[in-house]
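S.K.: fold the following for me, if possible:
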Amino acid sequence: MTLSVTDIYRHPIKAHGVEALTSVALATGKCMPWDRIWAVAEEGRALDYDAPEWVSCRNFTRGAKAPELMAINAKVNEATGTVDLTHPHAGSITFDPSDAASVAAFIVWSKPLTPANRMAPEQIYSVPEVGLTDSDWPSVSINLHSSLQALEAQAGASLSPLRFRGNIWLNGATPWQEFDWVGKEIRIGSVRLQIRERIERCLATTVNPETGARDVNTLDALKNGWGHRDFGVKAFVLQGGTFNVNDTVEIL
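M.R.: Residues are numbered from 1 along each chain as shown. From the prediction side, this is the model:
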């Protein structure tokens, strides 16, 4: 079976919505464009907004702490820099992450999605030219449908790919074959990526992205089935370029 791209996703605001794409242009040494370029800082976090730099995800509101966030869908307007968010319970909002008044309205909109026993959202955080992924280097995440199917069988439940907040999904490999690619390079269209490390998963993957409720213990399923909590891999863009859904993938 030919290894190919089935889906491309970006997440403009970390943990606050997913947007599907049909093609993407990656730049050498960069994250996916418009992916996690903003994050929502929790109250009380000592972040330097005047000289921002990459910081750990523990500083931000996210699906592991606030499950309802997983049900957000997002769409970024690249021309205006505004973001449209929709949620099955909170409704919709369009806001400008660079405008203080607009951000304040977003904070009001998002607060009910955060449990009362968790720190509330406070402010938008962004680092110029840096994606706020879970790695301190510019990463693009890759997942396999075959591994998802193996996990579904172990968990005894259907699992949406959106639980895993991946950038690129591939068909045509055997389950967990992506782990064998660590240290290797792959080519998609004109893009060349180096697979660097496995992704250890968190409680966000236990949440149904349609309802925002925890419903499947994916972490126990991974641990019981394979002795780890890893799913998918992180890659570094060695050579930029463009690729599309349905493009073939070559292991170099």
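S.K.: could you list the low-pLDDT ranges of the chain?
M.R.: 1 (pLDDT under 70).
S.K.: tell me, what residue is most central in it?
M.R.: Using Cα atoms, centre = their mean, the residue of the chain that lies closest to the mean C-alpha position is Arg165, 3.3 Å off.
S.K.: my guess is that residue contacts Ile13, does it?
M.R.: No: the criterion here is Cβ atoms under 8 Å, and Arg165 misses it with Ile13 at 11.8 Å. (Glycine included, C-beta is placed from N, CA and C.)
S.K.: was I right to think Pro12 contacts Leu21?
M.R.: No: assessed by Cβ under 8 Å, Pro12 is found out of contact with Leu21, at 11.5 Å.
S.K.: between those two, who's got more neighbours?
M.R.: Pro12 (25 against 16; other Cβ atoms under 10 Å).
S.K.: which residues touch the more buried one?
M.R.: Taking Cβ atoms under 8 Å, 6 or more residues apart in numbering, we find Pro12 in contact with 19, 34-38, 74, 76, 83.
S.K.: helix, strand, or coil at the nearest residue to it once chain neighbours are set aside?
M.R.: Nearest non-adjacent residue to Pro12, counting by Cβ to Cβ, 6 or more residues apart in numbering: Val76, 4.3 Å away. Following DSSP: H, G, I helix; E, B strand; the rest coil, the label given to Val76 is strand.
S.K.: for Val76, give me its contacts.
M.R.: Contacts of Val76 (Cβ under 8 Å, 6+ apart): 10, 12, 19, 34, 82-84.
S.K.: pick the one among those closest to Cys57.
M.R.: The closest of those to Cys57 turns out to be Pro12 (Cβ to Cβ; 15.9 Å).
S.K.: angles on the backbone of the closest one, please.
M.R.: Phi and psi for Pro12, reported as degrees, to the nearest 10, are phi -50, psi -40.
S.K.: picking that back up, make TSV from the contacts of Val76 and add distance to Ser126 and secondary structure to it.
M.R.: Output for the contacts of Val76, formatted as TSV (distance: Cβ to Cβ, whole Å; DSSP: H, G, I helix; E, B strand; the rest coil):
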residue	distance to Ser126	secondary structure
Arg10	15	strand
Pro12	11	coil
Glu19	17	strand
Trp34	12	coil
Thr82	14	strand
Val83	12	strand
Asp84	18	strand
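S.K.: name the element Asn117 belongs to?
M.R.: Asn117 belongs to no helix or strand when elements are defined using DSSP states H and E.
S.K.: any idea how far Gly44 is from it?
M.R.: Using Cβ to Cβ, to the nearest Å, Asn117 is found at 14 Å from Gly44.
S.K.: who has more neighbours, those two?
M.R.: Just comparing Asn117 and Gly44: by other Cβ under 10 Å the higher neighbour count belongs to Gly44, 9 against 6.
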